[in-house]
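1. below are the sequence and a predicted model; questions follow.
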Amino acid sequence: MQVPCSFEFFPPKTEAGISKLKQEQSLLASVQPEFFSVTYGAGGSTRDTTLAAVLSTRAHTGVATAPHLSCIGDEPEDILQLLNTYRDQGIGRLIALRGDLPSGMGLGRGTLKYAADLVGFIRQHTADHFHICVAAYPEVHPEARSGQDDLQHFKAKVAAGADSAITQYFYCADAYSDFMDRCQTLGINIPIVPGIMPILNYQKLMRFSTACGADIPRWLSKRLEDLADDEASLLAFGKDVVGELCQQLLDLDAPGLHFYTLNQAEPCLSIYQSLKGVLA
């Protein structure tokens with residue numbers, strides 16, 4: 001049986017980036033993913049390029065493609081217009097997020113403040129047309145007041161109409177196992193797919209993880225620090241670590257794997273093809 005998977009990209013800013021991304025997408029399309037997804041900049045800053053990238057990706061690969069959609073900083077009428085465009089274009093899946101504000105923008109703009117508000121808004125205006133996927137945080141959202149408070153926010157997104165969730169990345173399978181147990185206790189039973197971040201660069205990974213609240217175990221950070229100047233060894237080590245994590249998650253009955261590709265196919269493809277159950 002094929003291991004279910006999906007892959008995330010960000011919209012390229014140049015013609016060269018667009019051309020390169022098409023090559024990467026073709027490689028990943030070969031494993032027959034359930035879908036691709038395309039990110040959406042803070043406050044809708046990449047709205048047009050996200051739409052273009054979604055349509056281009058689907059046309060180029062034949063793979064169902066889901067746009068990310070955030071609400072904070074966007075006006076409801078702008079979001080509704082975009083929803084109508086996606087529906088008219090035959091898009092059937094969305095990744096619904098609160099999102100981040102562009103630098104310098106106050107919180108007052110827009111009336112949809114949280115992802116649960118966005119999910120409810122999508123359901124109100126489009127009924128069941130879209131499969132709505134939301135974010136989950138096994139290691140707790142960095143802005144949450146507590147782990148329980150964060151879990152209640154997640155439950156609110158599910159109650160508003162979310163069909164599935166993708167987690168923030170992590171490197172400890174126990175975090176996912178504990179999160180799933182806590183969700184079950186609260187009666188949350190939608191599919192929750194682990195988000196997988198390949199290890200490509202020590203400094204960038206540490207910087208991004210600090211910003212988004214993803215924990216890097218001390219043993220792992222120290223090992224990566226030792227390999228920071230040896231790219232080949234770091235990539236090989238990272239593949240082994242993340243591949244083992246993926247296998248542990250599948251053994252925990254994770255419903256699939258969602259790879260944050262950083263627009264690079266080979267690291268994700270290499271990890272995926274190393275897993276038990278993947279068809280050759």
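-> Happy to help now that I have it.

2. centre of the chain to stretch 60-73, how far?
-> Taking CA atoms, centre = their mean, to the nearest Å, one finds stretch 60-73 lying 11 Å from the centre of the chain it belongs to.

3. between the two ends of that stretch, how far is it?
-> With CA to CA, to the nearest Å applied, stretch 60-73 spans 31 Å between its terminal residues.

4. with stretch 203-222 instead?
-> Note: stretch 203-222 ends 12 Å apart using CA to CA.

5. next: stretch 252-263.
-> In stretch 252-263, first residue to last residue: 28 Å (CA to CA).

6. contacts for the worst-scoring helix or strand of the chain on mean pLDDT, please.
-> Lowest by mean pLDDT, DSSP states H and E among the helices and strands of the chain is helix 47-61, with a mean of 90. For helix 47-61, contacts defined as CB atoms under 8 Å, 6 or more residues apart in numbering pick out 9, 11-13, 18, 21-22, 25-26, 29, 36, 38-41, 63-68, 78, 82, 85-86, 89, 91. C-beta coordinates here come from the backbone N, C-alpha and C atoms, glycine included.

7. restricted to buried residues, select the residues you listed in ChimeraX.
-> Provided next is the ChimeraX selection string for whichever of those are buried by 16 or more other CB atoms under 10 Å:
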select :9,11,12,21,25,29,36,38,39,40,41,63,64,65,66,67,68,82,86,91
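
8. which ones among the contacts of helix 47-61 map onto helices?
-> Those of the contacts of helix 47-61 mapping onto helices are 18, 21-22, 25-26, 29, 78, 82, 85-86, per DSSP state H.

9. now do the phi/psi pair for residue 272.
-> Main-chain torsions, residue 272, degrees, to the nearest 10: phi -60, psi -40.

10. for the longest helix anywhere in the chain, buried residues please.
-> Using DSSP H to define each element, the chain has its longest helix at helix 231-251. For helix 231-251, the neighbour count (16+ other CB under 10 Å) marks 234-235, 237-239, 241-243, 245-250 as buried.

11. do the same with stretch 194-204
-> Buried residues in stretch 194-204, counted by 16+ other CB under 10 Å: 194-199, 201-202.

12. distance between the ends of that stretch?
-> 21 Å.

13. contact partners for residue 153?
-> Residues counted as contacts of residue 153 (CB under 8 Å, 6+ apart) are 114-116, 141, 144.

14. list buried residues within these.
-> Buried residues within the contacts of residue 153, counting neighbours by 16+ other CB under 10 Å: 115-116, 141, 144.

15. of these, which is the nearest to residue 189?
-> residue 116 (17.3 Å; CB to CB).

16. quick check: closest non-adjacent residue to the closest one.
-> The shortest distance from residue 116 to any residue other than its chain neighbours is 4.1 Å, reached at residue 156 (CB to CB, 6 or more residues apart in numbering).

17. tell me the phi and psi of that neighbour?
-> Per-residue torsions, residue 156: phi -60, psi -40 (degrees, to the nearest 10).

18. pLDDT at it, what is it?
-> pLDDT for residue 156: 98.
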